[in-house]
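Colleague: Curious how this folds, go ahead:
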Amino acid sequence: MPILEIPDPALVVLVGAAGSGKSTLAARLFDADEVLSSDALREAVSGDAADQSASAMAFRILHRTLARRLGAGRLTVVDATNVRRVDRRSLLERARVAGVPAVAVVLDIDPVLIQARNASRPRVVDPTVVDRHSRAVRTTVDRGDLAAEGFLSVTILVGPGEVAGLAIVRRPAGLDRTGPDAL
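Modeller: Alright, predicted model coming up:
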C-alpha cells in the first residue's frame, strides 16, 4: 500500500484524465471542506458540472478560494484534471505566495479503463477529450515535468489498485525529518 506523506498545510494537486478517479480519491482521503473541485464549482455556477462555458468563472472562484485557504494555512486539494503545465503553474504560484509546499498526485491509469469508466458514468465526457487528457498525463510523467515545475513531491499511481490502496500521513510543514521521531 503506497503511503503519501503530506506536509500540513500544503497544496495537493490531483493530476489525471476525466474519469481516472480523482474525485473518488479526494473524497476518500480528505475532508470535504479541504477539496476544491472544478466540477462542483461549475455546477454551483451554472447548475451543470459538465457546462464547460462555466469553466472560466469556476476557475476564478477556485483560484481565489485557493489563495485564501493557503494564505490562512489550510491544507487544500485541487480536484481538476490539471493535465496542462499552464494550469498547474497558476496553482503553484498561489502556493509559493502563501509559502506552503505543493505536492502532486498523478493518476496514471490505463486509458482503456478510463474510457470504460467514462462510458458508464451518468455524465460522459467526450472520449476524444479523455484521450487528450490521458496523452497529456503520459507526456507529463515521461518527461518528469512535475518535479521540474516545483512540486515538493510527486506520487504517481499506476492502476486502480494503487489508487484504492493509497493512504496519507499528515505532518506539520517544516517538521525536521532527521530526528529520532522521524516516521
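Colleague: list the buried ones in stretch 38-49?
Modeller: Neighbour-count burial for stretch 38-49, counted by 16 or more other Cβ atoms under 10 Å, picks out Ser38, Asp39, Ala40, Leu41, Arg42, Glu43, Val45, Ser46, Ala49. Just so you know, the C-beta spots here come from the backbone N, C-alpha and C atoms, and that holds for glycine as well.
Colleague: what about Arg88, distance to Ala49?
Modeller: Separation of Arg88 from Ala49 (Cβ to Cβ, to the nearest Å): 21 Å.
Colleague: re earlier: now intersect the buried residues of stretch 38-49 with the helices, please.
Modeller: Ser38, Asp39, Ala40, Leu41, Arg42, Glu43, Val45, Ser46 (DSSP state H).
Colleague: Show the backbone phi and psi for Glu5.
Modeller: Taking degrees, to the nearest 10, you get phi -90, psi 120 for the backbone angles of Glu5.
Colleague: wait, isn't it in contact with Pro172?
Modeller: No. Glu5 is beyond contact range of Pro172, at 11.4 Å (criterion: Cβ atoms under 8 Å).
Colleague: who has more neighbours, these two?
Modeller: Just comparing Glu5 and Pro172: by other Cβ atoms under 10 Å the higher neighbour count belongs to Glu5, 14 against 8.
Colleague: Spatially nearest residue to that one (excluding sequence neighbours)?
Modeller: Nearest non-adjacent residue to Glu5, counting by Cβ to Cβ, 6 or more residues apart in numbering: Val169, 5.0 Å away.
Colleague: Can you pull out the residues in contact with whichever strand or helix holds the one you found?
Modeller: Secondary structure assignment for Val169, by DSSP states H and E: strand 167-172. For strand 167-172, the surrounding residues in contact (Cβ atoms under 8 Å, 6 or more residues apart in numbering) are Met1, Pro2, Ile3, Leu4, Glu5, Ile6, Pro7, Asp8, Leu29, Phe30, Leu75, Leu183.
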